[in-house]
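Visitor: below is the sequence, then the predicted model.
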Amino acid sequence: MSNHYQFDVVMTCSACSNAISKVLTRMEPEVTKFDVSLEKQTVDVQTDLAYETVLEKIQKTGKEVKGGKSVGAQLI
């Protein structure tokens, strides 16, 4: 069982989205899947980690996180 979180993140360019992708890649294998959308300004993450842990990692990139939510549990 894995959690699905969605974060609303201010990203102005591909370097912003790449910074978040890099951080999430380093969190594997705990992060099983993620999608960073510069167009939608969202970051979707599937992980066994706590919401707060993922939020802190994204915030450490220096990007503003405007909000986030747990979308629900996903069966892998």
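Guide: Yep, that arrived.

Visitor: would you map the helices across the protein?
Guide: Residue ranges of the helices in the chain, as given by DSSP state H, are 14-26, 51-59.

Visitor: ok, residue 72 - contacts?
Guide: By Cβ atoms under 8 Å, 6 or more residues apart in numbering, the contact list for residue 72 reads 3, 4. The C-beta positions use only the backbone N, C-alpha and C, and glycine is treated the same way.

Visitor: partners of the helix or strand of the chain with the lowest mean pLDDT, with directions?
Guide: Least confident helix or strand of the chain, by mean pLDDT, DSSP states H and E, is strand 65-74 with a mean of 85. Paired strands of strand 65-74, with direction, are strand 2-9 (antiparallel) (DSSP bridges).

Visitor: now the angle from the strand it pairs with to helix 14-26?
Guide: With axes from the mean of the first three to the mean of the last three Cα atoms, to 10 degrees defining the directions, strand 2-9 sits at 160 degrees from helix 14-26.

Visitor: quick check: mean pLDDT across strand 2-9?
Guide: The average pLDDT within strand 2-9 is 95.

Visitor: ok, residues contacting it?
Guide: Strand 2-9 has contacts (Cβ under 8 Å, 6+ apart) with 20, 32, 41-49, 51, 54-55, 58, 63-76.

Visitor: can I get the buried part of those residues as one PyMOL selection?
Guide: Here is the PyMOL selection string for the buried members of those, based on 16 or more other Cβ atoms under 10 Å:
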select buried, resi 20+41+43+45+46+47+49+54+55+58+63+68
